[in-house]
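S.K.: Turn this into a structure:
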Amino acid sequence: MIGYARVSTSGQTLAAQIEQLKAAGCTTIFQETASGARADRPQLKKAIAALPPDGVLMVTRLDRLARSTRDLLNIVAQIEAQHARFRSLAEAWADTTTPAGRLMLTVLGGLAEFERSLIAERTGEGRARAVKAGKRLGRRPLLTGTQQAEALRMAGEDKSHAEIGQLLRVSRSTVTRFLARAQTG
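M.R.: Model prediction:
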């Protein structure tokens, strides 16, 4: 069994987690000080890579491993890709070494997928209502109406896109994109 212990800040200590993981039978423990919100956690990657087939990655609590259900399911999928299992000491249901634990994570995965589809549906409906109401979606244009007219005038005088950008205090690529859209639109 391989343990993974994490704290968010350097002011916190890993001692209690390490003690619990050792008591549960972990022989190797990967330790990390990093926010759970960070997707890039080098020690977690090393812990998962070190799992042998039929090995178990163990944590003291789920919040030491994942920040959200989606994050948990992604990490468990990585563990299972190693033909290994996952177990949380505090949450008995989060134990893929048992059929009941695998069932619980499957149900959670289904609920998370259902929630994502509802969010996507609501977001699409909201966007459609906004467009119908005449709202402009996306970032504001970098060039004001006056600047757009000025850019068109200067382009007609054969000024380079870099010169136009310098005079309007925007990048050359902003001018290039605007002029390309103006020609096609």
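S.K.: Okay, Arg139 and Thr174: tell me how far apart.
M.R.: Separation of Arg139 from Thr174 (Cβ to Cβ, to the nearest Å) stands at 11 Å. Using the backbone N, CA and C atoms, a C-beta is placed for each residue, glycine as well.
S.K.: er, Ala16 I mean
M.R.: 54 Å.
S.K.: Please state the backbone phi and psi of the residue of the chain most remote from its centre?
M.R.: Relative to the mean C-alpha coordinate of the chain, counting by Cα atoms, centre = their mean, the farthest residue is Glu157 (47.0 Å). When read as degrees, to the nearest 10, the backbone of Glu157 gives phi -90, psi 10.
S.K.: Tell me the pLDDT of the closest residue to Thr174 other than its chain neighbours.
M.R.: Leaving aside its sequence neighbours, Thr174 sits nearest to Leu142 (Cβ to Cβ, 6 or more residues apart in numbering; 5.0 Å). Leu142 carries a pLDDT value of 89.
S.K.: which is the next helix or strand following whichever helix or strand Leu73 is part of?
M.R.: Counting by DSSP states H and E, the element that carries Leu73 is helix 69-81. Once the chain leaves helix 69-81, the next helix or strand it forms, by DSSP H and E, is strand 85-88.
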